[in-house]
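A.B. asks: give the three-dimensional model of this entry:
(one chain, ligands or ions: 1)
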Amino acid sequence: MQDINIKNKIEDLKQQIRHHDYQYYSLEEPKISDSEYDNLLKELQNLEKNNPEFITKDSPTQRVSGTVSSTFDKVEHLSPMLSLDNSYSTDDIIEWHERIKKNVDEDIEFIIEPKIDGLSASLVYVNGSFEIGSTRGDGKFGEDVTENIKTIKNIPLKLLSEENIPKFEVRGEVYINKKDFQMLNERLLEEETQKFANPRNAASGSLRQKNTKITAERKLSFFVHSFGQVEGIDFQKHSQFIEFCRNVGFAVQKDIKVCADINEVIKSILALQEIRDNIPYEVDGVVVKVNSYKLRKIIGYTNKSPKWAIAYKFPARQATTKVLSIKTQVGRTGVVTPLASLEPVNLSGVTISSATLHNFDEIERLNLNTGDDVLIERAGDVIPKIVKVVGKNSEGFFKVPLNCPDCNSKIIKETEEDVLYRCINPTCSAQFRRSLIHFVSRDAMNIDGFGEVVVDQLLKINKLTTFADIYSLTFDDLMLLDLFKEKKANNLMNAILKSKDNPLSKLIFALGIRHVGEKASLVLAGKFKNIDNLINATEEELLNINEIGPVLAKSIKNCFSNEKIIKTINQLKALNVNMTEPLQTNSFVPLENKTFVLTGELATMSRKEAENYILSLGGKTTSAVSKKTDYVVAGENPGSKFKKAEELGIKILNEQEFKELINEK
Ligand code: IVH
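C.D. replies: Below you'll find the model as predicted:
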């Protein structure tokens, strides 16, 4: 194909994919099947791979850069990102209306929006292309999370607009859906990593990941709620702005409503309060805003917040009930955790019958025992927590059980400082059951159709005694399971077979090494490339890896010193389960994590071409030289960046050296 034809084809594919991303992620109305979409994406990836000079930053293939940074750069906001005044009753809203009315001599139209429990972010588009994404930070300076923002699928990398808009800074909320929040916490619990207390923390912790691959896995979403600097387009009303955003590719909330007067505002707030649990993301109130931008100007600002808007916060969802019993459960690494079984109670439309108690110290802190009346609260989490004891009906203290509820072996704290009790019986069947569930789960070996029910049934008929047994299962074994007919058994056989080709990182995660989560698994697989290198790695070698600290290094060494694990790995090997980390299928590896700054003119290529080479090989370019820069590429007449690089001792490449680097790699 001629260059011009390739370029046109790439542009055409990009536009098609953007359109389908918009339909799927922003409007939630997909128009093509997943496989049709995958084909478009694959075609684009292939064309870009063979023609890296045509890769642009806003291409749909550039969402996950794989950048790993140690800190985030600071970004100064184009205008301050303010916060909102809070109110806690409808009377507060009426008072607010009285206050703002004084300066306005016309009827005020309002717009109300659910207040999303996430974290605010600013997204700057230059000539329609996404350039910089940042967190709110202190309102004046935020953190540069551009690469992480790019992984959020319902954020357009290019505006779907024909108009020329030189600058468009939207502001909005990065959030996580309730369902995804719950799934994330379940997984973190399995990994024994700290759970997130609420969806806001989850969104913030996920967006501010140093490794963009982790952010990409976290299923974040974005809703537009305001704007900063905009050039080249004018809006009269907020409702117009929201509509515009919707048309150029953003997701906007479904429950936004224009209200003709304050009475309608009050009614609508209360109506939203009623349905808050039906909204798929966590909403902690309603934001009431004046719709007209002209009136907003008149009403003005305090130095912290606009006077033309106010947040109405929903009351906390609390209820009292009785503790029926305190049960214990065993996790896959033997941790025994308590769970309170409650007299069922209705909490804003949901029947609650159990509450989490993170550890036995929590029971002591609450001075809780069976029979007590407790105040419970739901704060984003589906499983509520016990806030305090409100009626002490029990006598004496809850006694930490001495034995594992499953295998009856003694449970212990491994060190004095530990808060967790563990069953240390390596053959505890509850632990093995949970390890199997983890092994086959989506983020581990991802064996579709291998759920808890299948695990339980196979355990019952003694078909699973090690992970390796999964790969010796036969079609006839599966036909023994409830509700399994030919098609279902075939599908599961295929899913098992397919999982043999998983990259090493998935297998490492699936093994369930204590403290080794998905991120550490990726890092280890990337570093050691095959399981034997990892097994043979010394503690020192492990500690030399940035992301691996002493606890992890010890845990890894400890795991591979266990003969049973080594035996299982050998069995898996013999059954042809892949034990290597493939070089990534795209060519993003060689310059991964490397930051380049270009200065001066290059003789044989344009700056854009050089940037594209770097990008296509997994590196990134920034405009300023700092300690974090890996290479400065200096052409003719380099500027002050050259000097800065010399001062900081950054490696400077001339054009020839740069070309050698990109060719050789
Ligand atoms: S409008 C001047 N609309 O709430 C700020 N904010 O407590 C204009 N938030 O920092 C923001 N949902 O991050 C607006 N529908 C919504 C919102 C919303 C959540 C956040 C926002 C803001 C915080 C203030």
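A.B. asks: quick check: residues of the stretch 251-400 of the chain near the ligand?
C.D. replies: Selection of the stretch 251-400 of the chain residues close to the ligand by CB under 6 Å from any ligand atom yields 287, 305-306, 311. For every residue, glycine as well, the C-beta is placed using N, CA and C.
A.B. asks: ok, 8 Å please
C.D. replies: 253, 256, 287, 289, 305-306, 309, 311 (CB under 8 Å from any ligand atom).
A.B. asks: which of these scores worst on pLDDT?
C.D. replies: Note: of those, the lowest pLDDT belongs to S305, at 93.
A.B. asks: return the residues in contact with that residue.
C.D. replies: Neighbour list for S305: 82-85 [criterion: CB atoms under 8 Å, 6 or more residues apart in numbering].
A.B. asks: residue of the stretch 201-350 of the chain nearest the ligand, please.
C.D. replies: Using CB to the nearest ligand atom, the closest approach of the stretch 201-350 of the chain to the ligand is made by H225 at 3.4 Å.
A.B. asks: so, low pLDDT: which residues of the stretch 51-200 of the chain?
C.D. replies: 66, 69-70, 190-194 (pLDDT under 70).
A.B. asks: the same query, at a cut-off of 80, please.
C.D. replies: For the stretch 51-200 of the chain, the stretches with pLDDT under 80 are 65-71, 186-195, 197.
A.B. asks: and the residue of it nearest the ligand?
C.D. replies: Counting by CB to the nearest ligand atom, the stretch 51-200 of the chain gets nearest to the ligand through S120 (3.0 Å).
A.B. asks: if we can go back for a sec, confirm that the residue of the stretch 201-350 of the chain closest to the ligand sits in a helix.
C.D. replies: No - with DSSP: H, G, I helix; E, B strand; the rest coil as the criterion, H225 is assigned strand and is not in a helix.
A.B. asks: touching, it and G172? I think so.
C.D. replies: Yes - here H225 reaches G172: they are 4.9 Å apart, a contact under CB atoms under 8 Å.
A.B. asks: what sits in contact with each of the two?
C.D. replies: S120.
A.B. asks: nearest to I275 among the residues of the stretch 251-400 of the chain next to the ligand?
C.D. replies: Q253 (12.8 Å; CB to CB).
A.B. asks: quick one: contacts for the closest one?
C.D. replies: Contacts of Q253 by CB under 8 Å, 6+ apart are 113-114, 116, 223.
A.B. asks: sorry, back to before: quick one: contacts for the residue of the stretch 201-350 of the chain closest to the ligand?
C.D. replies: H225 touches 113, 116, 120, 171-173, 287, counting by CB under 8 Å, 6+ apart.
A.B. asks: please redo it, this time with the cut-off set to 7 Å
C.D. replies: H225 sits next to 113, 171-173 when contact means CB atoms under 7 Å, 6 or more residues apart in numbering.
A.B. asks: can you pull out the helices in the stretch 1-150 of the chain?
C.D. replies: Per DSSP state H, counting those that start in this stretch, the stretch 1-150 of the chain carries helices over the ranges 3-21, 34-50, 90-101, 146-150.
A.B. asks: so the first one versus helix 34-50, what angle?
C.D. replies: Between the axes of helix 3-21 and helix 34-50, defined by axes from the mean of the first three to the mean of the last three CA atoms, to 10 degrees, the angle is 150 degrees.
A.B. asks: got a list of contacts for helix 3-21?
C.D. replies: 31-32, 37, 40-41, 43-44, 47-48, 51, 54, 59-60, 153, 156, 158, 160.
A.B. asks: helices and strands of the protein: which one has the lowest mean pLDDT?
C.D. replies: helix 607-616 (a mean of 76; mean pLDDT, DSSP states H and E).
A.B. asks: what residues of that helix count as buried?
C.D. replies: Of the residues in helix 607-616, 610-616 count as buried by neighbour count, 16 or more other CB atoms under 10 Å.
A.B. asks: looking at these, spot the one nearest L27.
C.D. replies: Distances from L27 to the buried residues of helix 607-616, taken by CB to CB, are shortest for L615, at 29.3 Å.
A.B. asks: nearest residue to the closest one in space, please, no chain neighbours.
C.D. replies: Leaving aside its chain neighbours, L615 sits nearest to I55 (5.8 Å; criterion: CB to CB, 6 or more residues apart in numbering).
A.B. asks: just S206 next, same as before
C.D. replies: R218 (3.7 Å).
A.B. asks: can you pull the pLDDT of the residue of the stretch 401-550 of the chain found nearest the ligand?
C.D. replies: Nearest residue of the stretch 401-550 of the chain to the ligand (CB to the nearest ligand atom) works out as K519 at 26.8 Å. Reported pLDDT at K519 in the predicted model: 74.
A.B. asks: having no further points to raise, I will conclude here.
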